[in-house]
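J.: coords please:
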Amino acid sequence: MDEFSAEQLAQLDNELQQIKYALLQRFPQLDLSYVMPMGERVILHYGDQVADRSSLRKIFATNQGYYGLATPLEEVSPGRFRPAINSRLFWEDVPFGLVILKNMAEMLGNFPTPRIDFMIRWHQQFMDKNYLMEDGQLNPALLGETGAPNRYGVHNALDLVKTSLPREMLDYVAPRSRL
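T.: Okay, the predicted model is just below:
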């Protein structure tokens, strides 16, 4: 992994953390402790297999659990490659990853997700799909092909978390901060 790729992952991770904090602002009773920053999560799961923990790039580069794993590529002309469009990086990670996060951000106030948007747009150009429309909103006509909560009739933050909270916590209102 190079520095550019690590920076892209870090920006995506920052937006995931923003979604987490938006959920916790509304529902502080949720336990989202395992939705931790990417570097911490990799270290938690791989422990001593990560030799250098000084940066996200080095965490990925020195993680023995990732040795031998490479981005699937296809040769488009002699010596020129692009990501393999038929790989899971496109057909799973976009509709069942990035689109879910984008839909959650829409439900939590439609706050900006520039890196998620960029990644969806970049991938969809190769997929012959238009998950994200020009106005920056998800395309409702394609949500049925994704794992987006809206596909399952979940259209607001309360419906999103209902199944994760005990019944007695659903009406809990966090005290306002005095700061």
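J.: and the contacts of the worst-scoring helix or strand of the chain on mean pLDDT?
T.: Least confident element among the helices and strands of the chain, by mean pLDDT, DSSP states H and E: helix 88-91 (a mean of 84). The contact list for helix 88-91, computed with CB atoms under 8 Å, 6 or more residues apart in numbering, reads 71, 72, 83, 123, 126, 127. The C-beta positions use only the backbone N, C-alpha and C, and glycine is treated the same way.
J.: residue 125 versus residue 77, what's the distance?
T.: Noted for residue 77: a distance of 18 Å to residue 125, by CB to CB, to the nearest Å.
J.: again with residue 58
T.: Distance of residue 58 to residue 125, computed by CB to CB: 31 Å.
J.: repeat that for residue 72.
T.: Taking CB to CB, one finds residue 72 at 17 Å from residue 125.
J.: before we move on, what about residue 155?
T.: 28 Å.
J.: what about these two, which has more around it?
T.: Taking neighbours as other CB atoms under 10 Å, residue 155 and residue 125 compare with residue 155 leading, 13 against 10.
J.: tell me the phi and psi of that one?
T.: Main-chain torsions, residue 155, degrees, to the nearest 10: phi -120, psi 0.
J.: for it, which residues are in contact?
T.: 107, 149.
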